[in-house]
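Chemist: sequence first, predicted model second:
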Amino acid sequence: MTGPLDAAHVVTKLPAQDLERARRFYRDRLGLEPVEEREHGLRYVCGATEFHLFSSSGSASGTSTQIGFEVEDIEQVVAELEARGVRFEEVDVDRFETDRPIVTVRGNYPSKGRGERGAFFRDSEGNLLAIGQATP
């Protein structure tokens, strides 16, 4: 079945109470620079995807993952982000296998592998972000 959004380009939008603080976090901690700016907004591109930070008086719920970065070597990425000052979240170890801060989740989407390894952290605005790597 096809629908009107099948070929749409999906963009994640993340709120920022302090856009300049968020810009510094994404630059200094994640090594990302915006490719475009507008008043009250920053546009970032990662591979074939993009996300936007926008000024908002609301706050991020932070109760679920708002954006995930899929990588090929999670250990390397986690180590580099920790060296840049990123602090990873503690995850409920009763639900997942863990090699802190990386957790293993079994039963991934079959086309992507048998499971996924992930690590979670918050940006400067409270948005919950994830690093993930499919396991064969």
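Modeler: Structure received. Residues are numbered from 1 along each chain as shown.

Chemist: can you give me the helices for the protein?
Modeler: Here the chain has its helices, by DSSP state H, at 19-28, 74-83.

Chemist: pull out the buried positions in the least confident helix or strand in the chain by mean pLDDT.
Modeler: When the helices and strands of the chain are scored by mean pLDDT, DSSP states H and E, strand 97-99 comes last with a mean of 72. If you call a residue buried by 16 or more other C-beta atoms under 10 Å, then strand 97-99 has these buried ones: Thr98. (C-beta placed from N, C-alpha, C; glycine too.)

Chemist: could you do stretch 45-58 as well?
Modeler: Neighbour count says stretch 45-58 has Phe51, His52, Leu53 buried, by 16+ other C-beta under 10 Å.

Chemist: before we move on, what about stretch 79-96?
Modeler: For stretch 79-96, a neighbour-count test (16+ other C-beta under 10 Å) marks Leu81, Val86, Phe88, Val91 as buried.

Chemist: how about stretch 23-30?
Modeler: Arg23, Phe25, Tyr26, Arg29, Leu30.

Chemist: export that stretch as CSV, just CAs?
Modeler: Only the C-alpha atoms of stretch 23-30 are listed here, as CSV (Å, rounded to 0.1, in the frame of the first residue of the first chain):
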residue,chain,number,x,y,z
ARG,A,23,24.7,25.4,19.0
ARG,A,24,27.7,25.2,21.3
PHE,A,25,26.7,21.7,22.5
TYR,A,26,26.3,20.3,19.0
ARG,A,27,29.5,21.9,17.8
ASP,A,28,31.7,21.2,20.9
ARG,A,29,30.3,17.9,22.0
LEU,A,30,29.1,16.3,18.8
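
Chemist: next one: it to chain centre, how far?
Modeler: 13 Å (C-alpha atoms, centre = their mean, to the nearest Å).

Chemist: follow-up on the earlier one: export the helices of the chain as CSV, with columns for distance to Glu36.
Modeler: Listed next are these as CSV, based on distance: least, C-beta to C-beta, whole Å:
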stretch, distance to Glu36
helix 19-28, 13
helix 74-83, 24
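
Chemist: which of the ones you listed sits closest to Ser59?
Modeler: helix 19-28 (12.5 Å; C-beta to C-beta).

Chemist: quick one: average pLDDT of that closest one?
Modeler: For helix 19-28, mean pLDDT is 98.
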